[in-house]
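>>> The sequence and its predicted three-dimensional model are supplied below.
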2 protein chains.
Amino acid sequence: MLKGKMVIGQSGGPTVVINQSLVGAVLAARGEAAITGILGARHGVAGIMNEDFVDLDDPSKEQLELVAATPAAALGSVRLKPGKAECERVFEAFRKHDVRYFFYIGGNDSAETANIIAGMARDADYEFRTVHIPKTIDNDLRVTDHCPGFASAARFVALAFMGDDRDNAALPGVKINVVMGRHAGFLTAASALARQADGDGPHLIYLPERPFDVAQFAVDVRRVYGEFGRCVVAVSEGVADADGNPIVTTGERDSHGNVQLSGTGALGDVLASHAKKAFEGEKVRVRADTFGYLQRSFPTVVSEVDAREAREVGAFAVRHAVKGDEDGSVAIRRLASEPYASEYFITPLSTVARETRSMDDAFIHAEGNDVTAAWLDYLRPLVGELPRIGRL
Amino acid sequence: MLKGKMVIGQSGGPTVVINQSLVGAVLAARGEAAITGILGARHGVAGIMNEDFVDLDDPSKEQLELVAATPAAALGSVRLKPGKAECERVFEAFRKHDVRYFFYIGGNDSAETANIIAGMARDADYEFRTVHIPKTIDNDLRVTDHCPGFASAARFVALAFMGDDRDNAALPGVKINVVMGRHAGFLTAASALARQADGDGPHLIYLPERPFDVAQFAVDVRRVYGEFGRCVVAVSEGVADADGNPIVTTGERDSHGNVQLSGTGALGDVLASHAKKAFEGEKVRVRADTFGYLQRSFPTVVSEVDAREAREVGAFAVRHAVKGDEDGSVAIRRLASEPYASEYFITPLSTVARETRSMDDAFIHAEGNDVTAAWLDYLRPLVGELPRIGRL
């Protein structure tokens, strides 16, 4: 049995259930004799480099349960994708504190970080286990059926469209809602769950998996408006033209080299102005909202399946690491959709690190402006029951 | 006993509980012998002018309960403030259909419409009763302690800030959130309920009741950032400079002559660029979100007090009208805050029509960038219990 301390950290954009994974891992670790101390890293690898740790043997079960139910990363998060030198500092800190287990809750970049550090440990003949715990509202990790954090954000988006579509039916016009998702349209596609009857919005759904053509957008909106006297549009913040250029950006980039898309209403406003032009001379009300960070942090809007699975992947990671077999990333296998059932397994870090995945073609309507029934079958059990819409 | 049909309509921006008022009125009317038929007007006065009515004797109790729990105006709403000629057409439609009771769910403009039509009925010696049923997320109606629809929107704003502040604590930076409210800061001020411990955001709250100075805003943000290493800002979409000019608008106006403020991210983006300039050369992440229409339409985020009172003001309006005393607007009198208790009364239409109210000075911090304890005492019982934040 490999005995030593464990470090756990959180990375990337928070979710409403990322703390469930943290608490799942901590509670599982408390029952493992191999784990001699539980250290939480403040702000992910940044905290490890600075040896800024929280003692997680300390907090009571009650405090941890409160943390589990609280959105966003309780340990603090980080947008740093460490280079080789930084990974070396992380590894040194691990050796210094006799850390033998490392759990990193995050997306593909976090899996990559864990993979690099695992390689260093091997090279140094330092016995060490690391398991990546998946988390992302984007649902864009490979191998796993879906990612913890996604279903709750999807629930937020579905509810938001459900209410906003009723608002639009009451005061008709064109309404454009911009949804998070840089390269993958999963979250934007979740808007389709808002539909309960013919004519319900969203009437158009634009995903980053298909080129976005502003002229075609205007044609689509006019057609829907002609049919229903109103039009609700879901559009991913990540839509780009046929050459892969974003429709609009602020020009800012983060340390991953990613262009800033969130935290601005620019795309919505630009699309609204295109739609207004399409209706020039007619009295059509055009509005745009950008859902923004609420999608990943709004308290009380949580998918039950998501909260449970986020907790369980944390615990599974710890139990797997202590068994001492291999490093890896926890993934979810769907056993059935109705009733929903899933199990967890370990996939090599390299199969999750770096690359992400986008929506299957089978989930995207041939016209490129909607989703398919297969997508709804995939999504519905994850998001859970939604309120029924009353009508007169 | 004045016998005849009743018409009920919904007007202005929807809320998540406006259908509670509709259903409260309809169910009360079904028990009144004086009311010989219940007509719902599609899209408020626009529907009355076109005699576009829904028979509300028809729907089952079950259907009505589903409607009551569904956000946004189930009858459709309208942004029309009718002139004299339009009010005459409304009155003609009432005479034609032997309508003796009119209930209009809306804000101060709806009270004004009801008042004009009541005057026409008096002039024509047409026996007629009209009662205005208050509704607005802005909380800006006079006389009443608070407005149905406000507390649920306030709950959404408080929860949104609670989650977003945790997100900001995890990934520190400057975050600006723009909240609805053209002239009154009540909804923006509700953000303060998100705070549960020292250092929690929002750290700055800007209301339309005080002039907004862009230079002072930059100074404030720098000061907070210096103290906490992060800064969460709540700002009303209606903030204006000392001369009363909005900080930014799209230039569009509605039929009330109101400048478009909602349905665009422009103000947030402009304030973010001011904040970025204030930190020029430093690496400070600045983001802005505009909460938009979700604030008034998001399903499942409902204040229990609000839902109950919205239902009861609808029923109260009908019972009062049938008693045959006088026209008026239903208002809420707070009897106690702890435990919360309220009662309903009738105030003359003229006391609610036209003018609105803004926040009391006692609710606004002397610095003009925060609220007072008195505000929280006023607000807390309306919004109800909020989830507790867990921390490490």
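Looks like it came in fine. Computed from a prediction, not measured in an experiment: that's the story for all the values here. Numbers count the residues shown, from 1 in each chain, chains lettered A, B, ... in the order given.

>>> so what's the single nearest residue of chain A relative to chain B closest to, chain neighbours aside?
For chain A, the residue positioned closest to chain B under Cβ to the nearest Cβ is residue A:265, at a distance of 1.2 Å. In short, each C-beta sits where N, CA and C put it, glycine included. Nearest-residue entry for residue A:265: residue B:265, 1.2 Å, with adjacent residues in sequence omitted and distances by Cβ to Cβ, 6 or more residues apart in numbering or on different chains.

>>> Please tell me I have it right and that neighbour contacts residue A:264.
Yes. Using Cβ atoms under 8 Å, residue B:265 is in contact with residue A:264, at 6.4 Å.

>>> which residues are common contacts for those two?
Contact criterion Cβ atoms under 8 Å, 6 or more residues apart in numbering or on different chains; residues shared by residue B:265 and residue A:264: A:290, B:288.

>>> Give me the pLDDT value at the residue of chain A closest to chain B.
Reported pLDDT at residue A:265 in the predicted model: 86.

>>> residues contacting it?
By Cβ under 8 Å, 6+ apart, the contact set of residue A:265 is A:178, A:288, A:289, A:290, B:264, B:265, B:266, B:268, B:269, B:288, B:289, B:290.

>>> try 7 Å
Taking Cβ atoms under 7 Å, 6 or more residues apart in numbering or on different chains, we find residue A:265 in contact with A:290, B:264, B:265, B:266, B:268, B:269, B:290.

>>> Name the SS class of residue A:344, please.
Three-state call for residue A:344 (DSSP: H, G, I helix; E, B strand; the rest coil): strand.

>>> shouldn't it be in contact with residue A:332?
Yes. Between residue A:344 and residue A:332 there is a contact at 6.1 Å, judged by Cβ atoms under 7 Å.

>>> The two: who's more crowded?
A count of neighbours by other Cβ atoms under 10 Å in any protein chain shown puts residue A:332 above the other of residue A:344 and residue A:332, at 22 against 17.

>>> in the helix or strand hosting the more buried one, what's buried?
Secondary structure from DSSP states H and E places residue A:332 in strand A:328-337. For strand A:328-337, the neighbour count (16 or more other Cβ atoms under 10 Å in any protein chain shown) marks A:328, A:329, A:330, A:331, A:332 as buried.

>>> quick one: which of those residues is nearest to residue B:31?
residue A:332 (53.4 Å; Cβ to Cβ).

>>> So which of the contacts of residue A:265 belong to strands?
A:290, B:290 (DSSP state E).

>>> Residue A:60: how many residues sit nearby?
Neighbour count of residue A:60, defined by other Cβ under 10 Å: 8.

>>> Can you give me the pLDDT of it?
If you check residue A:60, the pLDDT there is 98.

>>> Contact partners for it?
Residue A:60 makes contact with no residue under the criterion Cβ under 7 Å, 6+ apart.

>>> Not counting its own residues, what contacts stretch A:341-351?
By Cβ under 7 Å, 6+ apart, stretch A:341-351 touches A:111, A:114-115, A:118, A:132, A:142-143, A:309, A:312-313, A:316, A:320, A:326-335.

>>> And stretch A:318-336, by the same measure?
Outside stretch A:318-336, the residues that touch it by Cβ under 7 Å, 6+ apart are A:2, A:25, A:28-29, A:32, A:34-35, A:101, A:103, A:111, A:118, A:129-134, A:143-146, A:309, A:313, A:316-317, A:341-349, A:352.

>>> Off-centre distance for it?
Distance of stretch A:318-336 from its chain centroid, counting by Cα atoms, centre = their mean, to the nearest Å, is 20 Å.

>>> how much space between the closest residue in space to residue A:301 that isn't next to it in sequence and residue A:98?
Leaving aside its sequence neighbours, residue A:301 sits nearest to residue A:156 (Cβ to Cβ, 6+ apart; 4.8 Å). Applying Cβ to Cβ, to the nearest Å, the value for residue A:156 to residue A:98 is 41 Å.

>>> Same question for residue A:269.
Going from residue A:269 to residue A:98 by Cβ to Cβ gives 54 Å.

>>> okay, these two: which has more neighbours?
For residue A:269 versus residue A:98, neighbours defined as other Cβ under 10 Å are more numerous around residue A:269 (22 against 11).

>>> residue contacts, that one?
Counting by Cβ under 7 Å, 6+ apart, residue A:269 makes contact with A:288, B:264, B:265, B:266.

>>> now do 10 Å
Going by Cβ atoms under 10 Å, 6 or more residues apart in numbering or on different chains, residue A:269 touches A:176, A:178, A:248, A:288, A:290, B:250, B:263, B:264, B:265, B:266, B:269, B:290.

>>> try residue A:53
Contacts for residue A:53 (Cβ under 10 Å, 6+ apart) come out as A:5, A:7-9, A:37-42, A:47, A:75, A:93, A:97, A:99.

>>> ok, and of the residues you listed, which contact chain B?
A:40, A:42, A:75 (Cβ under 10 Å from any Cβ of the partner chain).

>>> any idea which of the residues you listed has the most stuff around it?
Counting neighbours by other Cβ under 10 Å, residue A:75 comes out on top of these with 26 neighbours.

>>> Can I get the strand holding residue A:332 in PDB, CA atoms only?
The C-alpha trace of strand A:328-337 is given here as PDB (Å, rounded to 0.1, in the frame of the first residue of the first chain):
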ATOM      1  CA  GLY A 328      -6.200   8.100 -15.200                       C
ATOM      2  CA  SER A 329      -9.300  10.100 -15.600                       C
ATOM      3  CA  VAL A 330     -12.700   9.100 -14.200                       C
ATOM      4  CA  ALA A 331     -15.300   8.700 -17.000                       C
ATOM      5  CA  ILE A 332     -19.000   7.900 -16.900                       C
ATOM      6  CA  ARG A 333     -20.600   5.100 -18.900                       C
ATOM      7  CA  ARG A 334     -24.300   5.300 -19.500                       C
ATOM      8  CA  LEU A 335     -26.000   1.900 -18.900                       C
ATOM      9  CA  ALA A 336     -29.500   3.000 -19.700                       C
ATOM     10  CA  SER A 337     -31.500   6.100 -20.400                       C
END
